[in-house]
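> Quick one, fold the following:
(2 chains)
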Number of protein chains: 2
Amino acid sequence: MKLATLRDGSRDGKLVVVRGDNQVYASAEEVAPTLQDALQRWEQVESELIEIASELDSGERDGTPVEIDELDAPLPRAYEWIDGSAYINHIVLVRKARDAEPPETLETDPLVYQGGSGVLMGPTDDIEVPNLEWGCDFEAELAVILGDTPRGTTAEEAGDYVRLIVILNDVTFRNIIPDELAKSFGFFQSKPATAFAPFAVTPDELGDAWKEGRVHLPLRSVYNDEIFGEPEAGPDMHFSFFDLIEHCAMTRSFTAGTILGSGTVSNEDRSRGSSCLAEKRMIEKIDTGEFITPFMAPGDTVQIEMEDAEGNNIFGTIDQTVVEVDR
Amino acid sequence: MKLATLRDGSRDGKLVVVRGDNQVYASAEEVAPTLQDALQRWEQVESELIEIASELDSGERDGTPVEIDELDAPLPRAYEWIDGSAYINHIVLVRKARDAEPPETLETDPLVYQGGSGVLMGPTDDIEVPNLEWGCDFEAELAVILGDTPRGTTAEEAGDYVRLIVILNDVTFRNIIPDELAKSFGFFQSKPATAFAPFAVTPDELGDAWKEGRVHLPLRSVYNDEIFGEPEAGPDMHFSFFDLIEHCAMTRSFTAGTILGSGTVSNEDRSRGSSCLAEKRMIEKIDTGEFITPFMAPGDTVQIEMEDAEGNNIFGTIDQTVVEVDR
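Predicted coordinates for the structure are as follows:
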């Protein structure tokens, strides 16, 4: 099942069910007005939402044509947005880029940070940059959206709490990071609003590609109309989503609608390209002694999407353009 | 005006208006079902809520007796909970306690971290500790609750976005912090759910004590029935709430209902005591070479409250007991 949020002028938009081929949607208003509401009452609403999806797929129910610009992030605001950094290759490269060492516990203790969740961007929202010196970068990632998840949930139990899977662009201001992390309180100013692809899908939509808390498909980033990276999201994800859930739930519980990210998808195999500019720049530095690719400037575009084995676009496409703003 | 949230089995509870003397409340259901809703439509609802408060205070409207146990956190879940660390004395002491240096930019660049906001505790909720080795501590703080706050808001403009003031207990697992901060992604497992006093008050309730983004009154912590600290919250707050808002809003905007904390209230004057065990322990270490006061154990209690110049309890009292739990 694929769900999306139609912009209707309200803060949370309107929940819609999307046909498997992404072409049309049907209102889910009679079942749940918003995705947040559906997540809060998942056991009650799931079967009714699935029925709408089946009727769309079988042609029993007519749909309204999908216009991506009319869709917002699946959750335009969320109660928590927690981002992991589960691809070791990304950690090693970006830390090298800022002359920092990876933590000693790199392979045993997951890295996660708490992100801002009150304002999230839709798939085609502009990336507004008040200061080009901040070094704007994209980061292509996967995330899961959780149901109510109790404290102490183990990796073995974690699958029960994964309701939906999404992809996202964790926009980052690279040049703010070093001073910010030097203060040891984590990212804050360096992480502006995060953007999401339009369709949030239930794990079964991924078939065999969803395995043991990992998504075994490549995530594609297109930068200024050229393929920038297509790393496999599965094998190099050192900590699975289930491991990340266990880590996060050690000392507290999570409310339905909590979003948990994988971190930037990254492969050791360089031929797969990268999911952010920072990695490419670091590889350039290693190879040539210099950073060559600049950070994003006004007019630069990024598209992020994931196809299944048959070439069908699963989540719809994030398609953003950088614009300079006064503040 | 004082607002509170009545537990009614729902996720956000029910908004009530509390009489100035904290003794009775009246339902605000006809104006706004929840505090989150009121914050989203503040311009529309403020005057009607003030009217209920006036009628309660004048005796025109009868109220229902306040039972603190029936009240939840003003926002039982929030879209963002951002915590500053604006009292320099606290930073210096707790960093010393873990053999870490204060950041070089201590006095020029505010420290803030993004906290978990999906599950917040009410004023009398137990502090549940699955593992006593984690070193449970309380931290008495003030916070402001914001309306919709645009990116680029300056300290000069920030006052326009402060809707309510609250006090809180930022429960912390001290022994998890060093390994966590060593990874440089900020606090996560070390910060379980935060607890709030029952009444959220508009700035005018503080009269002259609310000045230039600071609250000029002492914040009292009582630990196991003895006064533990009564530091003045005003003069030693190096960065005001307005400074913190400017810092936070540099790269993104905030949705109505965002909570922004001051950090642990702390005075250089040792005779005022402390607002957390970690500070007391560090002072013991400096004076005697050893930590003496242990972290919280099952049965330990903490009360946190603030009185105005006339001795009236402004926010109601946080009153929590530590209990050990399996997980």
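
> Can you name the residue of chain A nearest chain B?
Chain A approaches chain B most closely through residue A:186 (2.1 Å), counting by CB to the nearest CB. C-beta coordinates here come from the backbone N, C-alpha and C atoms, glycine included.

> Touching, that residue and residue A:111? I think so.
No. In this structure, residue A:186 is not within contact of residue A:111 by CB atoms under 8 Å, at 10.2 Å.

> Residue ranges in the stretch 1-150 of chain A under the pLDDT threshold?
Regions of the stretch 1-150 of chain A meeting the criterion pLDDT under 70 are absent.

> contacting residues for the residue of chain A closest to chain B?
By CB atoms under 8 Å, 6 or more residues apart in numbering or on different chains, the contact list for residue A:186 reads A:113-114, A:180, B:113-114, B:184-187.

> please redo it, this time with the cut-off set to 10 Å
Residues counted as contacts of residue A:186 (CB atoms under 10 Å, 6 or more residues apart in numbering or on different chains) are A:112-115, A:180, B:112-114, B:180-181, B:183-188.

> ok, now residue A:125?
A:69, A:72-73, A:169, A:193, A:195-196, A:318-321.

> JSON lines for those residues, including neighbour count and secondary structure?
Putting these into JSON lines (neighbours: other CB atoms under 10 Å in any protein chain shown; DSSP: H, G, I helix; E, B strand; the rest coil) gives the following:
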{"residue": "A:69", "neighbour count": "12", "secondary structure": "helix"}
{"residue": "A:72", "neighbour count": "26", "secondary structure": "strand"}
{"residue": "A:73", "neighbour count": "29", "secondary structure": "coil"}
{"residue": "A:169", "neighbour count": "28", "secondary structure": "strand"}
{"residue": "A:193", "neighbour count": "23", "secondary structure": "coil"}
{"residue": "A:195", "neighbour count": "25", "secondary structure": "strand"}
{"residue": "A:196", "neighbour count": "31", "secondary structure": "strand"}
{"residue": "A:318", "neighbour count": "27", "secondary structure": "strand"}
{"residue": "A:319", "neighbour count": "20", "secondary structure": "strand"}
{"residue": "A:320", "neighbour count": "23", "secondary structure": "strand"}
{"residue": "A:321", "neighbour count": "14", "secondary structure": "strand"}
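
> Return the alpha-carbon coordinates of the helix ranked longest in chain A using PDB.
Assignment by DSSP state H gives helix A:42-58 as the longest helix of chain A. C-alpha atoms of helix A:42-58 as PDB (Å, rounded to 0.1, in the frame of the first residue of the first chain):
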ATOM      1  CA  TRP A  42      -3.200   1.800  12.600                       C
ATOM      2  CA  GLU A  43      -4.800  -1.400  13.900                       C
ATOM      3  CA  GLN A  44      -8.200   0.100  13.300                       C
ATOM      4  CA  VAL A  45      -7.600   1.700   9.900                       C
ATOM      5  CA  GLU A  46      -5.000  -0.500   8.100                       C
ATOM      6  CA  SER A  47      -7.500  -2.900   6.600                       C
ATOM      7  CA  GLU A  48      -9.800  -0.200   5.300                       C
ATOM      8  CA  LEU A  49      -6.900   1.600   3.700                       C
ATOM      9  CA  ILE A  50      -5.700  -1.600   2.100                       C
ATOM     10  CA  GLU A  51      -9.200  -2.000   0.700                       C
ATOM     11  CA  ILE A  52      -9.100   1.400  -0.900                       C
ATOM     12  CA  ALA A  53      -5.700   0.500  -2.400                       C
ATOM     13  CA  SER A  54      -7.000  -2.900  -3.700                       C
ATOM     14  CA  GLU A  55     -10.000  -1.100  -5.300                       C
ATOM     15  CA  LEU A  56      -7.700   1.400  -7.000                       C
ATOM     16  CA  ASP A  57      -5.500  -1.400  -8.300                       C
ATOM     17  CA  SER A  58      -8.300  -3.500  -9.600                       C
END
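
> which helices and strands sit right next to the helix or strand just after that helix?
Next helix or strand after helix A:42-58 toward the C-terminus (DSSP states H and E): strand A:64-65. Packing partners of strand A:64-65 (3 or more CB pairs under 10 Å, 6 or more residues apart in numbering or on different chains; DSSP states H and E): strand A:24-27.

> Could you list the paired strands of the strand it packs on along with their orientation?
The strands that strand A:24-27 pairs with in its sheet are strand A:14-18 (antiparallel), strand A:64-65 (antiparallel) (by DSSP bridges).

> what about it, distance to the chain center?
Its chain's C-alpha centre and that of strand A:24-27 lie 23 Å apart, by CA atoms, centre = their mean, to the nearest Å.

> Run through who's touching that strand.
Counting by CB under 10 Å, 6+ apart, A:2-4, A:6, A:14-19, A:33, A:52-53, A:55-56, A:61-67, A:70-71, A:198-199 sit against strand A:24-27.

> make it 6 Å
Here strand A:24-27 makes contact (CB atoms under 6 Å, 6 or more residues apart in numbering or on different chains) with A:16-18, A:52, A:56, A:61, A:63-66.

> Quick one: those as JSON lines, columns for neighbour count and distance to residue B:296 too.
Output for the contacts of strand A:24-27, formatted as JSON lines (neighbours: other CB atoms under 10 Å in any protein chain shown; distance: CB to CB, whole Å):
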{"residue": "A:16", "neighbour count": "25", "distance to residue B:296": "48"}
{"residue": "A:17", "neighbour count": "26", "distance to residue B:296": "48"}
{"residue": "A:18", "neighbour count": "25", "distance to residue B:296": "49"}
{"residue": "A:52", "neighbour count": "24", "distance to residue B:296": "50"}
{"residue": "A:56", "neighbour count": "23", "distance to residue B:296": "54"}
{"residue": "A:61", "neighbour count": "16", "distance to residue B:296": "57"}
{"residue": "A:63", "neighbour count": "19", "distance to residue B:296": "56"}
{"residue": "A:64", "neighbour count": "12", "distance to residue B:296": "56"}
{"residue": "A:65", "neighbour count": "8", "distance to residue B:296": "59"}
{"residue": "A:66", "neighbour count": "21", "distance to residue B:296": "53"}
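
> biggest separation within the residues you listed, which pair?
A:52 and A:65 (16.5 Å; CB to CB).

> Leaving out chain neighbours, which residue sits closest to residue A:54?
residue A:60 (7.9 Å; CB to CB, 6 or more residues apart in numbering or on different chains).

> circling back to that earlier point, look at the residue of chain A closest to chain B and tell me its secondary structure.
Recorded secondary structure, residue A:186: coil (DSSP: H, G, I helix; E, B strand; the rest coil).

> what about the residue nearest to it when sequence neighbours are not counted, distance to residue A:115?
Computed as CB to CB, 6+ apart, the closest residue to residue A:186 that is not its neighbour in sequence is residue B:186, at 2.1 Å. For residue B:186, the distance to residue A:115 equals 10 Å [CB to CB, to the nearest Å].

> got it, and residue A:279?
From residue A:279 to residue A:115 the distance is 20 Å (CB to CB).

> Compare the two and say which is more crowded by neighbours.
With neighbours defined as other CB atoms under 10 Å in any protein chain shown, residue A:279 and residue A:115 compare such that residue A:279 has more, 28 against 22.

> Tell me the bridge partners for residue A:324.
Applying DSSP bridges, one finds that residue A:324 bridges with residue A:129.

> Give me the nearest residue to residue A:153, chain neighbours excluded.
For residue A:153, ignoring the flanking residues on the chain, the nearest one in space by CB to CB, 6+ apart is residue A:249 at 4.2 Å.

> wait, doesn't the one you found sit right on residue A:150?
No. With contact defined as CB atoms under 6 Å, residue A:249 does not count as touching residue A:150 (7.0 Å).

> which one of those two has more residues nearby?
Using other CB under 10 Å as the criterion, residue A:249 and residue A:150 rank with residue A:249 on top: 23 against 12.
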